[in-house]
Structure formats: C-alpha cells, structure tokens
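J.: got a structure for you, letters missing:
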Ligand SMILES: [Zn+2]
C-alpha cells in the first residue's frame, strides 16, 4: 500500500522518468483513497504546464483530462 510520502515522490518522479508498472499500480491504488495526493498531482501538473508555457512549449496535452 502506498504511503503519501512515497506517492507524492513518485508523482514528482513521473515528470522526469518513466515509472515502473509497480509504481504506477501503487499510485493508482492510492489516489482514489487520498484527496491530498490527488491535489498534489493536480498542482504539479499545473506547475509543469506553467513551466512548458514559460519555455515556449505548447502545452495543450494533459490539461483538462477531467479526472479529479
Ligand atoms: Zn496520499
């Protein structure tokens, strides 16, 4: 079972590297149970989009997937 500290680290790592299947499973099992980690994921997504916009990269993918 994922702990918040591990899950948030994995969510952050996912921006920089490919996660293993086991890591994704841990995330997918944990997120539905934890609003804190869902909010964290939302925030790092926004940060990434903002960084892409700032660097001139089009950032239309990933925004507005609809899952909360
Ligand atoms: Zn959590």
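T.: Received it, and whenever you're ready, just let me know what you need. Given the structure is predicted, the values throughout are model-derived calculations rather than measurements. Numbering: from 1, shown residues only.
J.: and the chain, which residues reach the ion?
T.: Residues of the chain lying near the ion by CB under 5 Å from the ion: 4, 34, 36-37. Where C-beta positions appear, they are placed from N, C-alpha and C, glycine not excepted.
J.: Kindly give a single PyMOL line that selects the buried subset of those residues.
T.: In PyMOL, a selection of the buried entries from these looks like this (16 or more other CB atoms under 10 Å):
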select buried, resi 34+37
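J.: what's the closest of the residues of the chain next to the ion to residue 52?
T.: Of all the residues of the chain next to the ion, residue 52 sits closest to residue 37, with 22.5 Å by CB to CB.
J.: List the residues that contact the closest one.
T.: With contact set as CB atoms under 8 Å, 6 or more residues apart in numbering, residue 37 has these partners: 4, 7-8, 11, 30-31.
J.: can you do 6 Å?
T.: Neighbouring residues of residue 37 by CB atoms under 6 Å, 6 or more residues apart in numbering: 4, 7, 31.
J.: How far off centre is the helix ranked longest in the chain?
T.: If you go by DSSP state H, the chain has its longest helix at helix 35-54. Here the centre of helix 35-54 is set off from its chain's centre by 7 Å, with CA atoms, centre = their mean, to the nearest Å.
J.: buried sites along that helix?
T.: For helix 35-54, the buried set under the neighbour-count rule, 16+ other CB under 10 Å, comprises 37-38, 40-41, 49, 52.
J.: any low-confidence regions in the protein?
T.: Along the chain, the parts satisfying pLDDT under 70 run over 1-2, 57-68.
J.: which element is the residue of it most remote from its centre on?
T.: Largest separation from the mean C-alpha position in the chain: residue 56, at 21.3 Å (CA atoms, centre = their mean). Using DSSP states H and E, residue 56 sits within no helix or strand.
J.: Many thanks, we can stop here.
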